[in-house]
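Asks: quick one: sequence and predicted model below, then my questions.
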Amino acid sequence: MNPDRPGPSILIVEDEPKLSALLADYLHADGYATAIVADGREVVPHVRAHAPSLVLLDLMLPGRGGLDICRELRGFSTIPVIILTARVDEIDRLLGLELGADDYVCKPFSPREVVARVKAILRRIEQAERKGKGEAGHEASAADGGAAPFEIDPEHHVARLDGRNLHLTPVELRLLALLVANPGRIYSRDFLLRRLYDDHRVVTDRTVDSHVKNLRRKLQAVRPERDFIRSIYGVGYQFELDAEDADNPADKHADKNVGSPPPPRR
């Protein structure tokens, strides 16, 4: 680590020393602190011990693969992850996003591009925390007349369904906040792409599909019988709520809330 640097800390997971040193130099120039890990087996212990602000994660690592690392990180953390990969086929990129990565950069890349991606993700998180509410950061809950039974607190990066925490990535949290704020509205994939990735890059409709698939899986872990996100063939997605969802959700699903605090009441 570089404790003398005041900026956010970036963990660089890369086994090519020249490349990791180059990325560190560019990040330092923009005020970021860095740490470098070259062995895949050391990544998760480092994240648990140091809680970096963001992880730059190479896929091809000695000891343990990047996708497996990403999967474990998402099991206990919402830390942003940018995948660095020379495996440019779409399947690998989508698999990384489905496992919870927030972005990817294909090798060879410009270090300036990587720094721009880091800035963009951290800026969006900061803006969501500062805004607190709004269409992209709306706190929707039974308490404020929003879309019960969801509670979303962007400032603390918390989202709940029926009082149970949903462990979402920053991209998934923005996506859910947007959908919950406007139940019934149909969103095109193109619109969602612009809202989720409003700064740069070339991404495809499949990227949105991957994030929606991951979000659905986490929602259905709480309510297996419900699919809140409806696919509109050839168009996009619609967030659906019915009367039963908003009518005392904590009581109707009390058996699934054991050990969890109830949602706020009016």
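Replies: Yes, it's here.

Asks: how deep is the residue found closest to residue 40 once you drop the neighbours it is linked to in the chain tucked in, by neighbour count?
Replies: Among residues not flanking residue 40 along the chain, residue 64 sits closest, at 3.1 Å (CB to CB, 6 or more residues apart in numbering). Just so you know, the C-beta spots here come from the backbone N, C-alpha and C atoms, and that holds for glycine as well. Number of residues near residue 64 (other CB atoms under 10 Å) recorded here: 15.

Asks: can you give the domain ranges for the chain?
Replies: Taking automatic domain parsing as the reference, the chain has its domains at 9-128, 132-256.

Asks: if we can go back for a sec, so the residue nearest to residue 40 makes contact with residue 45?
Replies: No. Residue 64 sits out of contact with residue 45 when judged by CB atoms under 8 Å, with a separation of 11.3 Å.

Asks: and residue 53, how close does it get to residue 41?
Replies: In this view, residue 53 and residue 41 are 22 Å apart by CB to CB, to the nearest Å.

Asks: and those two? which has more neighbours close in?
Replies: Set side by side, residue 53 and residue 41 show more neighbours around residue 53, with 17 against 12, by other CB under 10 Å.

Asks: any idea of the pLDDT on that one?
Replies: Reported pLDDT at residue 53 in the predicted model: 94.

Asks: that one and residue 114: what is the separation?
Replies: From residue 53 to residue 114 the distance is 14 Å (CB to CB).

Asks: enumerate every residue touching residue 235.
Replies: Residue 235 makes contact with 186, 188, according to CB atoms under 8 Å, 6 or more residues apart in numbering.

Asks: now residue 206: which helix or strand?
Replies: Using DSSP states H and E, residue 206 falls within helix 205-222.

Asks: by contact count, what packs against that helix?
Replies: Contacts defined by 3 or more CB pairs under 8 Å, 6 or more residues apart in numbering; DSSP states H and E place helix 205-222 against helix 90-98, helix 170-181, helix 189-196, strand 229-232, strand 236-239.

Asks: single out the most deeply packed of these.
Replies: helix 170-181 (a mean of 23; mean count of other CB atoms under 10 Å).

Asks: can you spell out which helices and strands pack onto it?
Replies: helix 111-131, strand 150-153, strand 158-161, helix 189-196, helix 205-222, strand 236-239.

Asks: okay, the angle between it and helix 111-131?
Replies: Going by axes from the mean of the first three to the mean of the last three CA atoms, to 10 degrees, helix 170-181 is angled at 40 degrees with respect to helix 111-131.

Asks: and helix 170-181 with helix 205-222, angle?
Replies: 70 degrees.

Asks: what's the spacing between residue 239 and residue 163?
Replies: According to CB to CB, residue 239 stands 19 Å off from residue 163.

Asks: hang on, I meant residue 177
Replies: For residue 177, the distance to residue 163 - CB to CB - is 18 Å.

Asks: any idea how far residue 27 is from residue 36?
Replies: The value you get for residue 36 to residue 27, if CB to CB is used, is 11 Å.

Asks: joint contacts of the two?
Replies: In contact with both residue 36 and residue 27: residue 12, using CB under 8 Å, 6+ apart.

Asks: neighbour count for the two, which is higher?
Replies: Between residue 36 and residue 27, counted using other CB under 10 Å, residue 27 has the larger neighbour count: 26 against 18.

Asks: which ones are touching that one?
Replies: By CB under 8 Å, 6+ apart, the neighbours of residue 27 are 10, 12, 34, 115, 118.
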